[in-house]
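Asker: My questions are about this predicted structure, shown below with the sequence.
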Amino acid sequence: MIGSMRASAPLRANSAAPTGPVAGEGRKIRVLLADDHALFRQGLRQLLELEDDIEVIGDASTGGEAHQKVRELHPDVVLMDINMPDMDGISATRAILAEYPEISIVILTMYREDDYAFQAVRAGARGYLLKNAGSQDVVRAVRVTSQGASMIDPTLVPSLLREFHRLVNNPSAPKVERLNDREMTLLRMLVDGKSNKEIATELDLAESTVKNNLSLLFQKLGARDRTQAAVYAIARGLLPKPE
C-alpha cells in the first residue's frame with residue numbers, strides 16, 4: 001500500500017513542485033484510478049479526497065475499463081497500475097493517449113524493473129511511481145503531471161537515461177537536425193517542468209502557439225510527448241541532467 005519512502009523527484013532542473021490547485025482557475029484536478037485491487041483503489045481515493053484541489057471522478061479494475069472510463073469522464077490525470085486483466089496498464093496508456101494525448105497518466109505499480117519503467121515512458125506516461133511511495137509523493141505526482149511536467153521514481157532515472165542514451169546513439173537511429181535557439185529554449189523549459197501556460201508567459205506567446213511549437217519539436221525529435229523529449233535532450237547531452 002501507500003507507505004513512506006524517499007521523495008520521488010519530478011523531471012525538472014531547479015523548479016519547486018506545485019503545492020496548490022493547478023488544473024485551472026477554480027477547478028479541481030479530475031483523477032481516474034485504475035487498479036485491479038479494490039482495497040488499493042479505496043485507499044487511494046481516501047488519500048486524494050483529503051486534498052482540496054483534487055477530485056476522484058471514477059475508478060476502473062481493468063485496462064479496458066480504464067480506457068472506457070476516460071472516454072466517459074475525461075479526467076485530467078489517470079493513476080494506472082501495470083498488471084491488470086483484460087488490458088495491461090502500459091497497453092491502456094498507449095491506447096488512451098492515442099485518443100487523448102492531453103491526459104496525464106501516472107503509472108503506480110509494484111514493479112521496479114527498469115524495462116517496465118522504460119516501456120511506460122515510451123508509451124507516453126508522465127509519471128512512474130512505486131506503490132510503496134509516500135502519500136505526499138502520490139499527491140505531488142497528480143499536481144505535477146496535471147501541469148504537463150513529469151515525475152519518476154528517483155531510483156529509476158539513471159537506468160532510463162542510460163537506455164535513452166543507448167537508443168539515441170545507436171548508429172542506425174535517425175539523425176536529428178540541429179535545433180534552433182527557440183527549440184532549445186522550449187526543451188530547457190520542458191526539462192524545468194514548465195507548463196504550456198508558463199512557457200507562453202515567459203516567451204510572450206499565445207498558449208496555442210506554444211502547443212503548436214511543441215508539437216513540431218516532438219516530431220523533429222521523434223518524441224511522443226514532453227517526457228520523451230525531455231529525457232531525449234538529457235540523454236543526448238543537449239541539456240544537463242536535472243538535480
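Answerer: Sure, I can see it.
Asker: CA atoms for contacts and neighbours, from now on please.
Answerer: Noted.
Asker: Go through the top helix by length along the chain and flag the buried ones.
Answerer: What stands out as the longest helix in the chain, according to DSSP state H, is helix 207-221. Neighbour counts over helix 207-221 (16 or more other C-alpha atoms under 10 Å) mark 207, 210, 214, 217, 218, 220, 221 as buried.
Asker: now stretch 41-51
Answerer: So, applying 16+ other C-alpha under 10 Å, buried residues of stretch 41-51: 41, 44, 45, 48.
Asker: can you list contacts of it?
Answerer: Residues from elsewhere that reach stretch 41-51, judged by C-alpha atoms under 8 Å, 6 or more residues apart in numbering: 2, 33, 34, 35, 54, 55, 56, 59, 135, 139.
Asker: Including distance to residue 149, pLDDT and neighbour count, could the residues you listed go into TSV?
Answerer: Formatted as TSV, those follow (distance: C-alpha to C-alpha, whole Å; pLDDT from 0 to 100; neighbours: other C-alpha atoms under 10 Å):
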residue	distance to residue 149	pLDDT	neighbour count
2	22	49	18
33	19	97	26
34	21	97	30
35	23	96	25
54	17	97	21
55	19	97	19
56	20	97	19
59	23	96	23
135	19	91	19
139	14	95	17
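Asker: for those residues, which one is nearest residue 69?
Answerer: Nearest to residue 69 out of the contacts of stretch 41-51 is residue 59 (C-alpha to C-alpha; 7.7 Å).
Asker: can you pull the contacts of residue 100?
Answerer: Residue 100 makes no contacts at all, as judged by C-alpha under 8 Å, 6+ apart.
Asker: ok, so what distance separates it from residue 56?
Answerer: Residue 100 sits 19 Å away from residue 56, going by C-alpha to C-alpha, to the nearest Å.
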